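Trainee: below: sequence and its predicted model.
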Amino acid sequence: EAGVVQSPRYKIIEKKQPVAFWCNPISGHNTLYWYRQNLGQGPELLIRYENEEAVDDSQLPKDRFSAERLKGVDSTLKIQPAELGDSAVYLCASSFSQGPQYFGPGTRLLVL
Amino acid sequence: GENVEQHPSTLSVQEGDSAVIKCTYSDSASNYFPWYKQELGKRPQLIIDIRSNVGEKKDQRIAVTLNKTAKHFSLHITETQPEDSAVYFCAAPTGTASKLTFGTGTRLQVTL
């Protein structure tokens, strides 16, 4: 069974530039999560989708971050414009309903 | 919301010894407690989880114990091996099992 797929794996951009991350969850998993992991810390939830509906986006900085999950499968997380403090690893995870969450390899973002 | 505290932040043990990592949580309604292992530069990997209707769960050399009255749960690794060296994160949910709050991580080093 294929795991959660994310791309790109690494991204270096200058501040104020836009950036987008893509995630393909495990087949059959209806719940998808975007987390941000800062260096030396645990993952922090940004947004959670159940199918195509964003059911929890309370931690998403909505002035610059946006996300979508069209058709309830793949998802894209966007930052525009990026700031220095956005440098982190962006992790996508998926689960079947409220079952165990499985993480993708993450996208390591560096904002210069 | 949920508050998860994890101790110790670093742990060094000799190969063959046991390692114990402890977490406390604040939300008495929490009912699902996973543990993740994260090697350097890799994704968090689910290694074991427990639901609140049981007090202990074992899987080969790892076990998790849960004390709902005291609101704490622990990860036990026996007969540690060098490949157990990693950062371990506990997590607990706020409300539904889908919304996880992660601990700050424990860096385990197994020395020869």
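Mentor: Looks like it arrived, so ask away.
Trainee: and the residue of chain B closest to chain A?
Mentor: Ranked by Cβ to the nearest Cβ, the top residue of chain B for proximity to chain A is residue B:102, at 3.1 Å. Any C-beta I mention is one placed from the backbone N, CA and C, and that applies to glycine too.
Trainee: what's the local residue count around that residue?
Mentor: By other Cβ atoms under 10 Å in any protein chain shown, 23 other residues sit near residue B:102.
Trainee: what's around the nearest residue to it once chain neighbours are set aside, how many residues?
Mentor: Ranked by Cβ to Cβ, 6 or more residues apart in numbering or on different chains and with sequence neighbours excluded, the top spatial neighbour of residue B:102 is residue A:42, at 3.1 Å. Residue A:42 has 22 neighbouring residues, counting by other Cβ under 10 Å.
Trainee: on the three-state scheme, residue A:42 is what?
Mentor: What DSSP: H, G, I helix; E, B strand; the rest coil gives for residue A:42 is coil.
Trainee: that one is in contact with residue B:104, isn't it?
Mentor: Yes: between residue A:42 and residue B:104 there is a contact under Cβ atoms under 8 Å: 5.9 Å.
Trainee: quick one: contacts for the closest residue to residue B:16 other than its chain neighbours?
Mentor: In this structure, residue B:16 finds its nearest non-sequential neighbour in residue B:79, 5.9 Å apart by Cβ to Cβ, 6+ apart. By Cβ atoms under 8 Å, 6 or more residues apart in numbering or on different chains, the contact list for residue B:79 reads B:16, B:18, B:61.
Trainee: quick one: average pLDDT of the host helix or strand of residue A:89?
Mentor: Residue A:89 belongs to strand A:88-95 when assigned by DSSP states H and E. Per-residue pLDDT over strand A:88-95 has a mean of 98.
Trainee: right, and the helix or strand after that strand?
Mentor: strand A:102-103.
Trainee: how far away from the center of its chain is that next one?
Mentor: Centroid separation between strand A:102-103 and its chain, computed with Cα atoms, centre = their mean, to the nearest Å, is 11 Å.
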